[in-house]
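> sequence plus predicted model, see below.
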Amino acid sequence: MTAGSGLPHEFQYADASHQANTAIAGMWLFLATEVLLFGGLILCWIYSRHWNPVGFDAGARQTALWIGTLNTALLITSSFLYALGVAFMRVGNARALIHCLVLTLMLALAFLVLKFGLEYRDDFARHLFPTATRFALTGAEAAGGRLFFIFYFLGTGLHGIHMLVGMGLLVWIIRRARRGEFSPQYYTPVEVVGLYWSFVDLVWLTLYPLIYLVGRG
Amino acid sequence: MSVQSPKQSLRTEVARLVRLWVLLLLVGAVEFGASFLPLGHLGRPLIMIPAIAMIGLVAFGFMNVTKGPVIVRTFAVAALFWLLILLALGSVDPLTRVNYTVPTPDQR
């Protein structure tokens, strides 16, 4: 609970802690719907790989393993920094919260630069976009390879959109923290955005092995 | 149970988060290393096991799924339940279907 009794709250809640718990539960409900959105994507992976194992795994071997691995470390560290910021806010250190969130934002930016600035550019240059007329994989690997890259671009693109939304929320929290709107008694938005940010991390932890690891070897 | 001062509780929490971060990186390294093992086509999805462990660590360690109100745990369990239903029912067809080859005219 982030707020005790006696703190201001909206009329429909019994007290401030009721309001805080409702906001946290609301975010969890939203995340539950997101699980099902990405669940459909995972099911596509199971289906596509099962019926086209050779081409699908050949597609996976075309991905930049070092970028995927580095991005995994970046996102894990960003979630750690965000959680650290929440811990600092819990004892009233808004300055440390801002520092942690700025670092989180920088790691997120590094992720996007690696993913979309470097990896996507390389993928397009190597004719790995599934509708490319001179698609890189040919013969028996072509059909499965195209399916893999449909999954790859859809999965990473959807995840990238979630990251952009998360970065916008990070900027919003940083601005509110700079205005001194949070205290040890009230920091519910920090917690709620933290849940979303960790979920973005969870999605990547699922996509990373599906895209970069399972098809290799 | 002794009550910790805010400074002590911050120190405890920071130490916990650092341990969790290091553990996540270690499990990630195990996952990365396991991808080079000769597991065969059907065995390769086993690489997802460290990934599932990492997801659990983030959900319990960073998202504190057990510390929120009961409704939070209900939503989390419901999400997992429906995900399992989706993946299990959706996978039944590809994993159980038997494809018979169509005989050519001279085989008939």
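Yep, that arrived.
> which residues are in contact with residue 85?
With no chain named, the answer covers chain A. Residues counted as contacts of A:Gly85 (CB atoms under 8 Å, 6 or more residues apart in numbering or on different chains) are A:96-101, A:104, A:190, A:194. (Each C-beta comes from the backbone N, C-alpha and C, glycine too.)
> and what of B:Pro45?
With contact set as CB under 8 Å, 6+ apart, B:Pro45 has these partners: A:Val214.
> related to what we said a few turns ago, any chance of TSV for the contacts of A:Gly85, columns secondary structure, distance to B:Tyr100 and neighbour count?
Formatted as TSV, the contacts of A:Gly85 follow (DSSP: H, G, I helix; E, B strand; the rest coil; distance: CB to CB, whole Å; neighbours: other CB atoms under 10 Å in any protein chain shown):
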residue	secondary structure	distance to B:Tyr100	neighbour count
A:Ala96	helix	65	16
A:Leu97	helix	63	25
A:Ile98	helix	65	18
A:His99	helix	64	16
A:Cys100	helix	60	23
A:Leu101	helix	59	26
A:Thr104	helix	55	27
A:Val190	helix	59	23
A:Gly194	helix	53	26
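> and chain B, which of the residues you listed reach it?
The residues of these that also fall near chain B, by CB under 8 Å from any CB of the partner chain, are A:Gly194.
> got the contacts of A:Gly85 as CSV, with pLDDT columns?
Shown next, in CSV, are these (pLDDT from 0 to 100):
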residue, pLDDT
A:Ala96, 97
A:Leu97, 97
A:Ile98, 98
A:His99, 98
A:Cys100, 98
A:Leu101, 98
A:Thr104, 98
A:Val190, 97
A:Gly194, 97
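> what's the closest of the contacts of A:Gly85 to A:Phe38?
Lowest distance from A:Phe38 to the contacts of A:Gly85 (CB to CB) belongs to A:Gly194, with 19.2 Å.
> show me the contacts for the closest one.
Counting by CB under 8 Å, 6+ apart, A:Gly194 has contacts A:82-83, A:85-86, B:62-63.
> and the pLDDT for A:Glu10?
pLDDT, A:Glu10: 85.
> please apply the same query to B:Pro6.
At B:Pro6, the predicted lDDT confidence score is 82.
> can you give me every residue that contacts it?
Counting by CB under 8 Å, 6+ apart, B:Pro6 makes contact with A:91-92, A:184.
> recalculate using a threshold of 7 Å.
For B:Pro6, the contact set (CB atoms under 7 Å, 6 or more residues apart in numbering or on different chains) comprises A:Val91.
> looking at chain B, which helix or strand is least sure?
Lowest on mean pLDDT, DSSP states H and E among the helices and strands of chain B sits helix B:40-43, with a mean of 78.
> residues in contact with the helix or strand just after that helix: which ones?
Next along the chain after helix B:40-43, taking DSSP states H and E as the criterion, comes helix B:48-57. The contact list for helix B:48-57, computed with CB under 7 Å, 6+ apart, reads A:202, A:205-206, A:209, B:20, B:23-24, B:27-28, B:30-31, B:34.
> go again using 6 Å as the cut-off
Outside helix B:48-57, the residues within contact range by CB atoms under 6 Å, 6 or more residues apart in numbering or on different chains are A:202, A:205, A:209, B:24, B:27, B:30-31.
> hmm, which of those residues are the buried ones?
Among those, those classed as buried by neighbour count (16 or more other CB atoms under 10 Å in any protein chain shown) are A:202, A:205, A:209, B:24, B:27, B:31.
> now do the helices in chain A.
Per DSSP state H, chain A carries helices over the ranges A:16-51, A:53-60, A:65-90, A:94-112, A:120-125, A:142-178, A:188-208.
> just chain B next, same as before
Assigned by DSSP H, chain B shows helices spanning B:6-34, B:40-43, B:48-57, B:70-96.
> most tightly packed of those?
Among these, ranked by average contacts under mean count of other CB atoms under 10 Å in any protein chain shown, first place goes to helix B:48-57 (a mean of 18).
> relative to helix A:65-90, how tilted is that helix?
Here helix B:48-57 runs at an angle of 20 degrees relative to helix A:65-90 (axes from the mean of the first three to the mean of the last three CA atoms, to 10 degrees).
> just the CA trace of helix B:48-57, in PDB.
C-alpha atoms of helix B:48-57 as PDB (Å, rounded to 0.1, in the frame of the first residue of the first chain):
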ATOM      1  CA  MET B  48      12.500 -22.000 -22.800                       C
ATOM      2  CA  ILE B  49      13.000 -23.500 -19.300                       C
ATOM      3  CA  PRO B  50      15.500 -20.800 -18.200                       C
ATOM      4  CA  ALA B  51      13.300 -18.200 -19.900                       C
ATOM      5  CA  ILE B  52      10.300 -19.300 -17.800                       C
ATOM      6  CA  ALA B  53      12.500 -19.200 -14.700                       C
ATOM      7  CA  MET B  54      13.500 -15.600 -15.600                       C
ATOM      8  CA  ILE B  55       9.900 -14.600 -16.100                       C
ATOM      9  CA  GLY B  56       9.100 -16.000 -12.600                       C
ATOM     10  CA  LEU B  57      12.000 -14.100 -11.100                       C
END
